[in-house]
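Colleague: give me a 3D structure for the following:
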Amino acid sequence: MKKSGKVTFGTILFFLYATFILFLFLQIGFHSLRTPQDLLSNMMGRPERFTFDAYRHIFAVDRFYRFMWSSVVVLTGSMFLNVVLSSLAAYGIGRYQFKLRKHTLMYFLIGLMFPIQLSVVPLFLLMRDLQLMNTHMSVILISGVSLSLPILLLNNFFRGIPNEFYESAKIDGASELRIFIQVMFPLAIPVIASMIIITSLGVWNQFFLPMLFLQSEHLRTLPLALLRYRGNLQFLDRALAATVMSAFPILIVYFFFSKKIISGITEGGVKH
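Modeller: Numbering: from 1, shown residues only. Down below sits the predicted model:
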């Protein structure tokens, strides 16, 4: 089918929005290379000189790498748990016929309607009883069971896979678990990859859960680390440098995998 070259108003709007966000990020990066004195006295003028002192300070003195490592640990654990649980649940709902199938799917999708803040009290009590307070595992468990959007995408994909794949594996004597691991899961990798990239943005930037469950300084994630630079204009260059380093990893991921995100959402949102 021939692709339409028509530019819609929505396309223009999204382009302008993306350009504005990119401009802001470049401005933050530009100003992070200036001295605090230059920023405060001549922010809109020509900079006196560029320096990487702010970056050297946040890594050498503030040990910013500890917060980056904490964010990586939380993100990796959350995504692993999320992929395992959502793929198994979506496969069961999408491929098998049972009485409460639609109600089960609706149960998971209801989670899209309610923010995590509504369940903060029972979550706090649960983590306290499990003795997981002030550990990365508390944030990983809560973030990893946010299954609504992953199940929505994967359910549509598994439901659209032709039965020939399943029947061929069954004839070869494969068990249900083996069919899932060796046949169905590899087919869903494009959808899973896009799901991971989209979900990882929320986990990487989340502030509320780490603030509530990670009290120790060495356990804090990047959003919490940025709090140490607030309220003091003498640390403005460090705040800007920390902001750049917090956003840079996830921007790189989106830049290189943007096409995979779109293709994965398409495969997960349209029945085959």
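
Colleague: and the helices in the stretch 151-272 of the chain?
Modeller: Listed in chain order, the helices of the stretch 151-272 of the chain (DSSP state H, counting those that start in this stretch) span residues 163-171, 176-179, 185-187, 189-205, 208-213, 222-225, 236-269.

Colleague: for those, give me TSV that also has mean pLDDT.
Modeller: What follows is these, written out as TSV (pLDDT from 0 to 100):
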stretch	mean pLDDT
helix 163-171	83
helix 176-179	86
helix 185-187	88
helix 189-205	86
helix 208-213	91
helix 222-225	90
helix 236-269	73
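
Colleague: which one of those lies closest to Gly77?
Modeller: helix 189-205 (9.5 Å; CB to CB). (C-beta placed from N, C-alpha, C; glycine too.)

Colleague: give the buried residues for that closest one.
Modeller: Across helix 189-205, burial judged by 16 or more other CB atoms under 10 Å covers 190-200, 203-204.

Colleague: would you mind measuring from the spatially most central residue of the chain to Thr76?
Modeller: Note on the chain: the residue nearest the mean C-alpha position is Ser200, at 1.5 Å, using CA atoms, centre = their mean. From Ser200 across to Thr76, the span is 9 Å (CB to CB, to the nearest Å).

Colleague: and what of Pro115?
Modeller: For Pro115, the distance to Thr76 - CB to CB - is 24 Å.

Colleague: these two - which one has more neighbours?
Modeller: Taking neighbours as other CB atoms under 10 Å, Pro115 and Thr76 compare with Thr76 leading, 14 against 9.

Colleague: and the gap between that one and Phe25?
Modeller: Counting by CB to CB - Thr76 and Phe25 are separated by 25 Å.

Colleague: again, but for Thr11
Modeller: 21 Å.

Colleague: so between the two, which is more surrounded?
Modeller: Neighbour count, other CB under 10 Å: between Thr11 and Phe25, Phe25 has more, with 15 against 10.

Colleague: quick one: contacts for the more buried one?
Modeller: Each residue near Phe25 by CB atoms under 8 Å, 6 or more residues apart in numbering is listed here: 244, 247, 251.

Colleague: burial measure for the second one, as a count.
Modeller: Using other CB under 10 Å, the number of residues around Ala247 comes to 16.

Colleague: do the one 3 residues further on as well
Modeller: Ile250 is surrounded by 18 other residues when neighbours are defined as other CB under 10 Å.

Colleague: i'd like the first residue to be 238 from this point on
Modeller: Sure thing, new numbering starts at 238, so read that last one as Ile487.

Colleague: OK, contacts around Trp441?
Modeller: By CB under 8 Å, 6+ apart, Trp441 lies in contact with 308, 312, 459, 486-487.

Colleague: try 6 Å this time
Modeller: 312, 487 (CB atoms under 6 Å, 6 or more residues apart in numbering).

Colleague: equivalent analysis for the one 4 residues further on, please.
Modeller: Residues near Phe445 by CB under 6 Å, 6+ apart: none.

Colleague: by mean pLDDT, which helix or strand of this protein comes out lowest?
Modeller: Taking mean pLDDT, DSSP states H and E as the measure, the chain has helix 473-506 as its least confident helix or strand, at a mean of 73.
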